[in-house]
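In: Sequence and predicted structure below; questions after.
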Amino acid sequence: MKIFQRVDDVKSDFCTFPRSFEKYRWYKPILVAVLTFIFYFILSILCDVLFGIFFPELFSSSLLYNPNSSQGLETVEGIYTSINIAIIIPSFFISSMVVRDRPFSSYLSSRGGWNWEIFVKSSVIALIAYGIITLVEFLIFGVEFDNKFTILTLLAMIIVTLFQSFAEELMCRGFLMQTLGSWFRIPVVAIILQALFFTVIHSYNIMGLVDVLFSGLCYGVIAWYCDGLEVSSALHSVHNIIVFLTAGLTATELSNNITFEGSLEGILISLAAIAAIFLIDRKYNWIGLKRDNSVSE
């Protein structure tokens, strides 16, 4: 399988795609990473200042969380945490513009830029798959509702989670996987190493980290196979939105301590969503994931 082989035709592989640009130099991704950290630090401070000036009263307002819920404020705090992760996007964009070794769009896809059709269709399939499984789980095991949302926080949660998930895809499956792929030229090495990094940046217990590692590997393989971040971003975003919706509408809590059953459930649900996307596309070519090079058929 080509995923295990050294890549010579760098233009045909998402992981090694950066090497196809004339200005590519092995050290330039390091410059991008350093600048991203600096810009992120600046923007995060600016974000804290803006929240401190304009939003302190809103944090105690019924506009942002349901005062009848004992954990309503945790929803707002979760949104704030996601915003801090989403700041990676402008930080990375500015850094890539400063270094100017290749177009920003090349981090997103090696097919000529971001494809909204693939992202939207993948999101719809993933939402149906995740939604059906979650609904069946509720019907089997029961659920205690405890709405923590207001309309404002519900909209904010969905929007911010989309950006937060994309920020992690951009950092891990875009920048890091392509950087490692360009250095080693063996896709599987880049996929494994980025998944390990993706796991390390999450503060879960052992079972939670196993779940995250599996997701990181799956997202990496999907990004490599599809030559872009659209499908992995769709899966990642829908998964996180479903998790936050479940926690925000029920008595369940977001926790860093994941049980074995919870980890296994997360893995099986992810597999179901991935299978649904690829089976539907294979049968109907609805999304258009067929590759133009020898990796596909």
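Out: Structure's in. What do you need?

In: Ends of stretch 20-35, what's the gap?
Out: 23 Å (Cα to Cα, to the nearest Å).

In: Kindly report the same for stretch 179-189.
Out: 11 Å.

In: residues in contact with it?
Out: 2-8, 10, 13-19, 24, 26, 29, 190, 193-194, 224 (Cβ atoms under 8 Å, 6 or more residues apart in numbering). Using the backbone N, CA and C atoms, a C-beta is placed for each residue, glycine as well.

In: Low-confidence stretches in the stretch 51-200 of the chain?
Out: 54-74 (pLDDT under 70).

In: Which ones among the contacts of stretch 179-189 map onto helices?
Out: Among those, the residues falling in helices (DSSP state H) are 29, 190, 193-194, 224.

In: List just the nearest of those residues to Asn285.
Out: Nearest to Asn285, judged by Cβ to Cβ, of these is Trp224 at 20.1 Å.

In: thought the closest one was touching Ile191?
Out: Yes: counting by Cβ atoms under 8 Å, Trp224 touches Ile191, with 6.2 Å between them.

In: Quick check: neighbours shared by the two?
Out: 3, 15, 177.

In: What's the ChimeraX syntax to select whichever of those residues are buried?
Out: Under the burial definition 16 or more other Cβ atoms under 10 Å, those of those that qualify are selected in ChimeraX by:
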select :3,15,177
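
In: Reformat the shared contacts of Trp224 and Ile191 as TSV; add distance to Leu235.
Out: What follows is the shared contacts of Trp224 and Ile191, written out as TSV (distance: Cβ to Cβ, whole Å):
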residue	distance to Leu235
Ile3	19
Cys15	19
Met177	15
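
In: Looking at the shared contacts of Trp224 and Ile191, which is nearest Ile83?
Out: For these, the nearest to Ile83 is Met177 (24.6 Å; Cβ to Cβ).

In: these two touch, right, that closest one and Ile192?
Out: No: Met177 sits out of contact with Ile192 when judged by Cβ under 8 Å, with a separation of 9.9 Å.
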